[in-house]
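*Asks:* Generate coordinates for the sequence data below:
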Amino acid sequence: MANRAEIPTSNSALIAMIADEDTVVGFLLAGVGNVDLRRKTNYLIVDSKTTVKQIEDAFKEFTSRDDIAIVLISQYVANMIRFLVDSYNKPVPAILEVPSKDHPYDPGRDSVLSRVKYLFSAESVASGRR
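*Replies:* Below is the predicted model of the structure:
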């Protein structure tokens, strides 16, 4: 319990989004959106004009902010910056890959799912179960 990551409780923690317009708008309608005093948002809409550098910068910004607890990223966008997503190893903010309307979900490329599979396979081997 001593090494657990703390989520700030003075304000509610935010969910950040990096995804296509339809996915982001859906979450914004559900109340996920936030604009702070510096006009910084907690989302990035990815379209054909969005560069990989902009996606990388948004990912780095969202994962370094203290007020964000979860970063939702469309799987096809995560594939564009797979090296960053796979190398991220902090518990907070948690990175969750979500499917999008135009790109099918591939569980084989989901970094969270592959880590969970690895942990359970390592745990079952260590305990003698299979």
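
*Asks:* switch to C-alpha atoms for all contacts and neighbour counts from now on
*Replies:* Noted.

*Asks:* show me where the chain has strands.
*Replies:* Using DSSP state E, the strands of the chain run over 14-19, 43-45, 68-74, 94-98.

*Asks:* Now do the last one: which elements does it pack against?
*Replies:* If you count contacts as 3 or more Cα pairs under 8 Å, 6 or more residues apart in numbering; DSSP states H and E, strand 94-98 packs onto strand 68-74, helix 75-80, helix 111-127.

*Asks:* Output those as CSV; include the columns mean pLDDT, mean neighbour count and distance to His103.
*Replies:* Putting these into CSV (pLDDT from 0 to 100; neighbours: other Cα atoms under 10 Å; distance: least, Cα to Cα, whole Å) gives the following:
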stretch, mean pLDDT, mean neighbour count, distance to His103
strand 68-74, 94, 22, 9
helix 75-80, 92, 21, 7
helix 111-127, 67, 13, 17
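
*Asks:* would you turn those into a markdown table with distance to Asp22?
*Replies:* Listed next are the helices and strands packed on strand 94-98 as a markdown table, based on distance: least, Cα to Cα, whole Å:
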| stretch | distance to Asp22 |
| --- | --- |
| strand 68-74 | 11 |
| helix 75-80 | 14 |
| helix 111-127 | 23 |
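
*Asks:* quick one on the thing from earlier: so which of the strands of the chain gets nearest Leu84?
*Replies:* Leu84 lies closest to strand 94-98 among the strands of the chain, at 11.0 Å (Cα to Cα).

*Asks:* Tell me the strands beside the closest one, with direction?
*Replies:* In the sheet, strand 94-98 lines up against strand 68-74 (parallel) (DSSP bridges).

*Asks:* quick one, the strand it pairs with and strand 14-19 angle?
*Replies:* For strand 68-74 against strand 14-19, the angle by axes from the mean of the first three to the mean of the last three Cα atoms, to 10 degrees is 20 degrees.

*Asks:* Give me the contacts around strand 68-74.
*Replies:* By Cα atoms under 8 Å, 6 or more residues apart in numbering, the residues outside strand 68-74 that reach it are 7, 13-20, 62-63, 92-100.

*Asks:* Buried by neighbour count, from these: which ones?
*Replies:* Buried members of these, counted by 16 or more other Cα atoms under 10 Å: 14-20, 62-63, 92-100.

*Asks:* Contact partners for Tyr43?
*Replies:* For Tyr43, the contacting residues are 16-18, 24, 33, by Cα under 8 Å, 6+ apart.
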